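Engineer: Turn this into a model:
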Amino acid sequence: MGVRLRLTRLGRKKRPFYRIVVADSSGRRDGKQIETLGYYDPLADKDDEKRLKINPERAKYWLSVGAQPSDTVQGLLSKSGVLPPRPVLTMMLKSSPRDVNVVGSLITRPMSMLKI
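Structural biologist: Numbers count the residues shown, from 1 in each chain. I've put the predicted structure just below:
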């Protein structure tokens, strides 16, 4: 049984609000949680302070003891500066040789999904 960093949905219908929590990976999405690390409000303005708040010390602690973040939480942690941004693989133009370039700042797909 692993531990995951994931989102728990709160709010009313059509007005989502999420808590970033540490929970057992086999538990339900909104089930029992071990610790709350912060929150994420997708409906707040992009540059609003209340859109994303994470306790970086506790997030780093849970990552150091082996907790695996979900894809969405990993993106939120990289936006907040807790994790480095994920590298992105892009294909070259058809006229150039078939090669894969790594672009550091853009995020499209995780590297594990690509078959090279």
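Engineer: tell me the mean pLDDT for stretch 80-92?
Structural biologist: Per-residue pLDDT over stretch 80-92 has a mean of 77.
Engineer: what residue ranges in this structure score low on pLDDT?
Structural biologist: 1, 89-116 (pLDDT under 70).
Engineer: those helices in it, which residues are they?
Structural biologist: Assigned by DSSP state H, the helices in the chain fall at 56-64, 71-80.
Engineer: Pick the most deeply packed of the ones you listed.
Structural biologist: Highest mean neighbour count among the helices of the chain (mean count of other C-beta atoms under 10 Å): helix 71-80, with a mean of 18. Backbone N, C-alpha and C define where each C-beta goes, glycine included.
Engineer: Run through the neighbouring helices and strands of it.
Structural biologist: strand 3-12, strand 52-54 (3 or more C-beta pairs under 8 Å, 6 or more residues apart in numbering; DSSP states H and E).
Engineer: Which one, of the ones you listed, ends up nearest to R86?
Structural biologist: Closest to R86 of these is strand 3-12 (C-beta to C-beta; 15.1 Å).
Engineer: Return the set of buried residues in the closest one.
Structural biologist: For strand 3-12, a neighbour-count test (16 or more other C-beta atoms under 10 Å) marks V3, R4, L5, R6, L7, T8 as buried.
Engineer: re earlier: in TSV, list the helices and strands packed on helix 71-80 along with distance to D30.
Structural biologist: TSV is the format used below for those (distance: least, C-beta to C-beta, whole Å):
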stretch	distance to D30
strand 3-12	5
strand 52-54	19
